[in-house]
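[1] What shape does this take:
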Amino acid sequence: MNTVPLLEGRGLTVRWRDRVLLADVDCALAPGELVALQGPSGCGKTSLLRLLCGLDDPAPGTVLWRGAPVRPADWPAVRRQAVLVAQEPVLLEGSVAANLARPFRYRHVRRPFPADAARELLARLRLPPAMLDAPAADLSVGERQRVCLARALLLRPAVLLLDEPTSALDPAATAAVEEIVREHAAAGGAALVVTHGREQAVRWCHRVVELGGRHA
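    Below is the predicted model:
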């Protein structure tokens with residue numbers, strides 16, 4: 001039986017300034033898939049993630065969500081289901097709890113902030129639950145990476161777009177992140193993960209997509 005991909009790109013073009021890094025790229029994420037995206041630095045991996053969640057213009061290609069082309073007006077709703085977690089984690093002023101709770105203040109999120117689930121998730125990511133009260137500005141890069149992943153997961157997206165999510169983590173924290181993302185896929189979600197580690201990509205993901213090319 002054919003499964004309609006959750007997220008799909010057809011004929012995508014990735015540009016950097018006036019150069020085309022990738023042309024006519026096709027990619028698809030089916031429910032349950034965990035896919036690694038690899039290639040040399042500057043080949044367009046991060047830009048491809050941005051195209052797939054509408055942060056950059058995919059023209060002349062097309063992005064499809066659950067089999068239907070995404071129109072400009074559709075992007076806000078799609079980005080709530082295909083969440084990008086950037087390599088450079090961005091947290092706002094205030095406590096970790098305030099950062100995790102902020103998306104739940106938006107009108108389209110019709111659920112209260114799940115504080116108990118947040119504590120459990122932080123613990124599973126090898127972060128102390130007491131960190132909820134810590135100032136976000138005091139966190140290390142690795143801690144911020146995991147808080148941003150927790151924030152994404154609390155929103156229950158269908159697709160995670162992860163840009164080097166374990167680049168600043170030790171082996172124990174890396175294993176914790178890998179396990180949680182595996183569970184997300186096993187529950188019917190999907191994830192596209194940029195990682196430079198070939199061994200990690202093969203161990204962690206169901207398949208590996210290789211990209212080529214460099215910019216000057």
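
[2] Now do the buried residues in the helix or strand of the chain with the lowest mean pLDDT.
    Lowest mean confidence among the helices and strands of the chain (mean pLDDT, DSSP states H and E): strand 19-29, at a mean of 88. With burial defined by 16 or more other CB atoms under 10 Å, the residues of strand 19-29 counted as buried are 21-22, 25, 27-29. Any C-beta I mention is one placed from the backbone N, CA and C, and that applies to glycine too.

[3] Tell me how far that strand lies from the chain's centre.
    Its chain's C-alpha centre and that of strand 19-29 lie 18 Å apart, by CA atoms, centre = their mean, to the nearest Å.

[4] And stretch 132-148, by the same measure?
    17 Å.

[5] and the longest helix along the chain with strand 19-29, angle?
    Longest helix in the chain, counting residues (DSSP state H): helix 171-186. Relative orientation of helix 171-186 versus strand 19-29 (axes from the mean of the first three to the mean of the last three CA atoms, to 10 degrees): 60 degrees.

[6] Quick one: residues contacting Gly67.
    4-5, 8 (CB atoms under 8 Å, 6 or more residues apart in numbering).

[7] Oh, that last question was meant for Thr46, not what I typed.
    Per CB under 8 Å, 6+ apart, neighbours of Thr46: 86-87, 163, 194.

[8] Let's see that with 10 Å instead.
    By CB atoms under 10 Å, 6 or more residues apart in numbering, the contact list for Thr46 reads 14, 37, 56, 84, 86-88, 161, 163-164, 194.

[9] got it, and Pro135?
    91, 93-96, 98-99.

[10] re the thing from before, export the buried residues of strand 19-29 to TSV and tack on distance to Ala136?
    Below are the buried residues of strand 19-29 laid out as TSV (distance: CB to CB, whole Å):
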residue	distance to Ala136
Leu21	33
Leu22	34
Val25	35
Cys27	33
Ala28	35
Leu29	30
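
[11] Now do the same contact list for the spatially most central residue of the chain.
    A centroid search over the chain (CA atoms, centre = their mean) returns Leu161, at 2.4 Å, as the residue closest to the centre. Contacts for Leu161 (CB under 10 Å, 6+ apart) come out as 7, 29, 37, 46, 48-50, 52-53, 55, 79, 82-86, 152, 190-194.

[12] ok, which stretches of the chain are helices?
    45-52, 75-79, 96-101, 115-124, 141-154, 171-186, 198-204.
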